[in-house]
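> Below is the sequence, then the predicted model.
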There are 2 protein chains.
Amino acid sequence: MDDPTPNPLAKHPAFLTVQLGWHITTQFIAALAPLGIHPRHMGMLSFLLGRDGASQQQLCDALGIHRNVMVGMVDELEKAGFVERRRHPADRRAHAVHLLAAGREMQRKAEETLSRMEDGIFGSLTAAERAAYLATLQQLAADAGLSPGIHPALRDSLPGS
Amino acid sequence: MDDPTPNPLAKHPAFLTVQLGWHITTQFIAALAPLGIHPRHMGMLSFLLGRDGASQQQLCDALGIHRNVMVGMVDELEKAGFVERRRHPADRRAHAVHLLAAGREMQRKAEETLSRMEDGIFGSLTAAERAAYLATLQQLAADAGLSPGIHPALRDSLPGS
DNA sequence: TATTGTTATACTCTATAACTATA
DNA sequence: TATAGTTATAGAGTATAACAATA
């Protein structure tokens, strides 16, 4: 049943992290699709929860997205009624991006979807194992200097078949 | 020092896995660049270690890469002297892709690079924590049905700045 | 002069489809 | 007729550069 010479990558925690992360991403994209949004939209909404009224440039800096791409993302979220561009109180060049009620509701649904998916993925772990896994991840993320809740490339799409 | 309303994603193990996986990927691409190869090349070489002489189609099936993309990858590896296309003994339509000595050597160096990088990333964990992390990842990968040592999208590149 | 948002252009990557030689 | 490898074409995605308004 076993491969005579097993692939050496399978024993590397770095590889396994990437492999599992990729699997989670594709699965989450699919889980979010019925809601009509992409993980990158959820990332924006989740961030705005704590920084409502941020300028597009501030969103760019925080989320690691180019400002020309940000234009399109805000367009999409605005068209869906999740956010609104308002006048920035301190800088007339900037737009203040504000969460609307529908946006908060969508963020809540998306996070619920995420939690449901996690129950499936981590279901075979004991509570203690799952807690240890989470603690380790948080420590590693802190070691690596990763910003909490942010990463630039929650983007497209499915692996080539 | 803390964000008044912290980003809720930071507490989700699924998100943290993806975030850390992305960080590892970008760091590994950079670590491999001086060797002149990309993680996807290492994936090919590591796989061929156990399946030398596989046809391109078999490589496609195993690694989840389209066959038109595989053509270019084999071209690159062949040009670099890491693999060689030979006649397939059983099917004259197919090419048998064989590892050359330089390819084995490059695989070895790449895996050494990976191990060095892992020492940096996981350096703050105790041996027990690191072992537990690895065991959990292996269990989760098995639960998800992921093929050992394989994933389709070890691809480009850096997050937009 | 630098910065914010925006638009236009070019480039890269990926996906689809066609072609050949075998099976 | 179907499959392995290859090539060509088209589409999506990303990055670079320019622009108008404001700092």
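Received the coordinates, thanks. Numbering: from 1, shown residues only, chains lettered A, B, ... in the order given.
> Show me what from chain A comes close to DNA strand C.
Applying CB under 7 Å from any atom of the strand, we find that chain A lies next to DNA strand C at A:55-57, A:60, A:67-68, A:71, A:74, A:85, A:88, A:91, A:93-95, A:157-158, A:160. To be clear about C-beta, it is placed using only N, CA and C from the backbone, and glycine gets the same treatment.
> Got a PyMOL select line for the buried ones in those residues?
To isolate the buried ones among the residues of chain A next to DNA strand C in PyMOL, judged by 16 or more other CB atoms under 10 Å in any protein chain shown, type:
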select buried, chain A and resi 55+56+60+74+88+94+95
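> Inside helices: which ones of the residues of chain A next to DNA strand C?
Per DSSP state H, helices hold the following members of the residues of chain A next to DNA strand C: A:Q56, A:Q57, A:C60, A:R67, A:N68, A:V71, A:V74.
> Contacts only, for A:D52.
A:H98, A:L99 (CB atoms under 8 Å, 6 or more residues apart in numbering or on different chains).
> just A:A62 next, same as before
Contacts of A:A62 by CB under 8 Å, 6+ apart are A:F47, A:R51, A:A54, A:S147, A:I150.
> Quick one: classify the fourth one as helix, strand or coil.
So the one you mean is A:S147. Counting by DSSP: H, G, I helix; E, B strand; the rest coil, the backbone at A:S147 sits in coil.
> Helix or strand: which one has A:A141?
Under the criterion of DSSP states H and E, A:A141 resides in helix A:127-143.
> Could you tell me the average pLDDT over that helix, please?
Averaged across helix A:127-143, pLDDT comes to 98.
> does chain B sit close to it?
Yes. Judged by CB under 8 Å from any CB of the partner chain, helix A:127-143 comes into contact with chain B at A:E129, A:R130, A:A132, A:Y133, A:L134, A:T136, A:L137, A:Q138, A:Q139, A:L140, A:A141, A:D143.
> Might one say that the last one is in contact with B:I121?
Right, A:D143. Yes. Using CB atoms under 8 Å, A:D143 is in contact with B:I121, at 7.4 Å.
> can you tell me how far the residue positioned nearest the centre of chain A sits from A:L140?
Of all residues in chain A, the one closest to the mean position by CA atoms, centre = their mean is A:G43, 4.4 Å from it. Noted for A:G43: a distance of 20 Å to A:L140, by CB to CB, to the nearest Å.
> A:L49 and A:D75: what is the separation?
Distance of A:L49 to A:D75, given as CB to CB: 20 Å.
> Which one's more surrounded, those two?
More neighbours surround A:L49 than the other of A:L49 and A:D75, with 20 against 12 (other CB atoms under 10 Å in any protein chain shown).
> Flag every buried residue along the helix or strand containing the more buried one.
Using DSSP H and E, A:L49 maps to helix A:39-50. For helix A:39-50, the neighbour count (16+ other CB under 10 Å) marks A:P39, A:R40, A:H41, A:M42, A:G43, A:M44, A:L45, A:S46, A:F47, A:L48, A:L49 as buried.
> Let me have those in TSV, extended by pLDDT and distance to A:R104.
Formatted as TSV, the buried residues of helix A:39-50 follow (pLDDT from 0 to 100; distance: CB to CB, whole Å):
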residue	pLDDT	distance to A:R104
A:P39	95	18
A:R40	94	18
A:H41	96	13
A:M42	96	12
A:G43	95	15
A:M44	96	12
A:L45	97	8
A:S46	96	10
A:F47	96	13
A:L48	97	9
A:L49	96	7
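> Redo those residues as JSON lines? Include distance to A:L114.
Formatted as JSON lines, the buried residues of helix A:39-50 follow (distance: CB to CB, whole Å):
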{"residue": "A:P39", "distance to A:L114": "9"}
{"residue": "A:R40", "distance to A:L114": "14"}
{"residue": "A:H41", "distance to A:L114": "13"}
{"residue": "A:M42", "distance to A:L114": "8"}
{"residue": "A:G43", "distance to A:L114": "11"}
{"residue": "A:M44", "distance to A:L114": "15"}
{"residue": "A:L45", "distance to A:L114": "12"}
{"residue": "A:S46", "distance to A:L114": "10"}
{"residue": "A:F47", "distance to A:L114": "15"}
{"residue": "A:L48", "distance to A:L114": "17"}
{"residue": "A:L49", "distance to A:L114": "14"}
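> out of these, who's nearest B:R104?
Comparing the buried residues of helix A:39-50 against B:R104 with CB to CB places A:P39 closest, at 38.7 Å.
> right, and the closest one touches A:Q27 too?
No. The pair A:P39 and A:Q27 fails to qualify as a contact (CB under 8 Å) at a distance of 10.7 Å.
> From B:M117, how far out is A:T17?
Distance of A:T17 to B:M117, given as CB to CB: 12 Å.
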